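> Sequence first, predicted coordinates after that:
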Amino acid sequence: MMKTIIFVTHNSGKFREAEAKLKSLGVKLQQYKEGYPEIQADTLEEVAFFAV
């Protein structure tokens, strides 16, 4: 059974690239494009802060 990950991006090229790389690992991506700000920050901690 393939695992499914929801990939949040409006960038279809980014989605296709990630989908191609993860498919061989048994991971299926589902693209979600609606209303989520793409935070630009220097650290993962800053990005995670805005995600929750």
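That came through, no problem.

> And stretch 43-52, what's buried?
For stretch 43-52, the buried set under the neighbour-count rule, 16 or more other Cβ atoms under 10 Å, is empty. From N, CA and C alone the C-beta is placed, and that goes for glycine too.

> can you pull the alpha-carbon coordinates of it into CSV?
Once non-C-alpha atoms are left out, stretch 43-52 reads as follows in CSV (Å, rounded to 0.1, in the frame of the first residue of the first chain):
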residue,chain,number,x,y,z
THR,A,43,15.2,28.4,9.7
LEU,A,44,12.8,25.4,9.8
GLU,A,45,11.7,26.5,13.2
GLU,A,46,10.4,29.8,11.9
VAL,A,47,8.5,28.1,9.1
ALA,A,48,7.0,25.5,11.5
PHE,A,49,5.9,28.3,13.9
PHE,A,50,3.7,29.8,11.2
ALA,A,51,2.4,26.3,10.1
VAL,A,52,0.7,25.5,13.4
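
> which other residues reach that stretch?
P37, I39, A41 (Cβ atoms under 8 Å, 6 or more residues apart in numbering).

> secondary structure element for the closest residue to the first one other than its chain neighbours?
Spelled out, it's P37. What sits nearest to P37 in space, not counting adjacent residues and going by Cβ to Cβ, 6 or more residues apart in numbering, is F50, at 7.2 Å. Under the criterion DSSP states H and E, the helix or strand holding F50 is helix 44-51.

> Please consider this matter closed, and thank you.
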